[in-house]
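Chemist: Predicted model and sequence follow; I will ask about them next.
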Amino acid sequence: MSLFSWKPEYSVNDLTLDRHHQQLFTVLNSVYENVMNSPELDCVLPKIDELSDYTKYHFSTEEEYMKEKAVPDIDAHIEKHRQFTNKIDALRARYKNNDLEVARDLIIALGEWLLQHVLKEDRKYLDIQATFTTPSA
Ligand SMILES: [Fe+2]
Ligand SMILES: [Fe+2]
């Protein structure tokens, strides 16, 4: 069973961004499984790179979406994206062969980010926007 499972109640009412978040869950699960099963540097670094690349792609899409919709407090949200990107880059730089402490920090950082950001921050902003933009049938 996967560590992280996307559920319909995590939806931000946008099909593209929901698909991105689902893909993020998939990538996070693969990083976790990789760290647990094959913590060697050669195996883990490509997974961290995949996570980093997909995260950057998702953040730019989400930020464009928020700018288009004039979502309030967008700068604070973008800053959180930057902080997460920097955290992943720092953990990648620290990752050494079989370094279980860094592996543990990586999994904690990913889990915290999923819980705090995708499931709370993204939904807070996007749900507010959905309330304003939902057509009245
Ligand atoms: Fe997001
Ligand atoms: Fe976000």
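Modeler: Perfect, I can see it now. Ligands and ions are numbered 1, 2, ... in the order given.

Chemist: so what's the residue of the chain at minimum distance from ligand 1 closest to, chain neighbours aside?
Modeler: Closest contact between the chain and ligand 1, by CB to the ion, is at Asp122 (4.1 Å). For every residue, glycine as well, the C-beta is placed using N, CA and C. Leaving aside its chain neighbours, Asp122 sits nearest to Val12 (5.5 Å; criterion: CB to CB, 6 or more residues apart in numbering).

Chemist: Counting by contacts, list what the longest helix along the chain packs against.
Modeler: What stands out as the longest helix in the chain, according to DSSP state H, is helix 41-68. Helix 41-68 sits against helix 15-37, helix 74-94, helix 100-113, helix 122-133, with contacts defined as 3 or more CB pairs under 8 Å, 6 or more residues apart in numbering; DSSP states H and E.

Chemist: Up against ligand 1, what does the protein have?
Modeler: Contact residues, the chain versus ligand 1 (CB under 5 Å from the ion): Glu62, Asp122.

Chemist: mind showing which ranges of the chain have poor pLDDT?
Modeler: 1, 39, 96-98, 127-137 (pLDDT under 70).
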